[in-house]
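Novice: Okay, sequence plus prediction incoming.
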Amino acid sequence: DIQMTQSPSSLSASVGDRVTITCQASQDISNYLNWYQQKPGKAPKLLIYDASNLETGVPSRFSGSGSGTDFTFTISSLQPEDIATYYCQQYDNPPELTFGGGTKVEIK
Amino acid sequence: EVQLVESGGGLVKPGGSLRLSCAASGFTFSSYSMNWVRQAPGKGLEWVSSISSSSSYIYYADSVKGRFTISRDNAKNSLYLQMNSLRAEDTAVYYCARSSTSCWGDYWGQGTLVTVSS
């Protein structure tokens, strides 16, 4: 099974800060990686697909990069509405996909 | 507008059974694979099961294999998860999500809570 190691598990940043989350796969997954945002009591929302493609309607302050085993998710300027938990997910070998452990983003 | 609406969750005793449903609308249901993903209280996301568009291919996580059965009815635009021999560790919010060859997880339902407790 492919393991996804996401870090940090939580972070606190100020409004306007640049926020970066990393995700490392246990083996090469090419660019088969999604990033989701999940707010309390809500379903995950797809933000980034294929490692770096912005889902339609998602603000451009969100971005993703990477390929192979190392991936990065960035919020260029943190906004109050971005408070949520973010998850990476690999789908290199569907249907056996796996999620990272999540990163809880809070406002300082 | 794409919509996925889960139902059927509730409180069940260990060893009991429950059937979840996911009603789809706003897209051609028969063209998409469908999936169940669960989230235990305060925990992360776990893939549970997937079914291809025509039900030809069905897959399960090891944690539910032999106890859960996924199915779909394309005429009714509905996805199902029959859960038997339920355990306390199956307690979670269960989400349905659609996928295709080009995109996984672009739409999710709001989830339905399953609680397994005596």
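Specialist: Cool, the structure landed.
Novice: and the residue of chain B nearest chain A?
Specialist: Relative to chain A, the nearest point of chain B is B:Ser50 (3.6 Å; C-beta to the nearest C-beta). For glycine as for every other residue, the C-beta is placed from the backbone atoms N, C-alpha and C.
Novice: Spatially nearest residue to that residue, not counting backbone neighbours?
Specialist: Spatially, and ignoring its direct neighbours in sequence, B:Ser50 is nearest to A:Pro95 (3.6 Å; C-beta to C-beta, 6 or more residues apart in numbering or on different chains).
Novice: List the buried residues in stretch B:46-54.
Specialist: Buried residues in stretch B:46-54, counted by 16 or more other C-beta atoms under 10 Å in any protein chain shown: B:46-51, B:53.
Novice: In contact with the residue nearest to B:Ser50, which residues?
Specialist: Each residue near A:Pro95 by C-beta atoms under 8 Å, 6 or more residues apart in numbering or on different chains is listed here: B:33, B:35, B:47, B:49-50, B:57, B:59.
Novice: B:Met83 bridge partners, please.
Specialist: Here B:Met83 sits in beta bridges with B:Leu18, B:Phe68, as judged by DSSP bridges.
Novice: quick one on the thing from earlier: which residues sit in contact with the residue of chain B closest to chain A?
Specialist: A:94-95, B:33-36, B:57-59, B:70, B:99.
Novice: and the residue of chain A nearest chain B?
Specialist: Using C-beta to the nearest C-beta, the closest approach of chain A to chain B is made by A:Pro95 at 3.6 Å.
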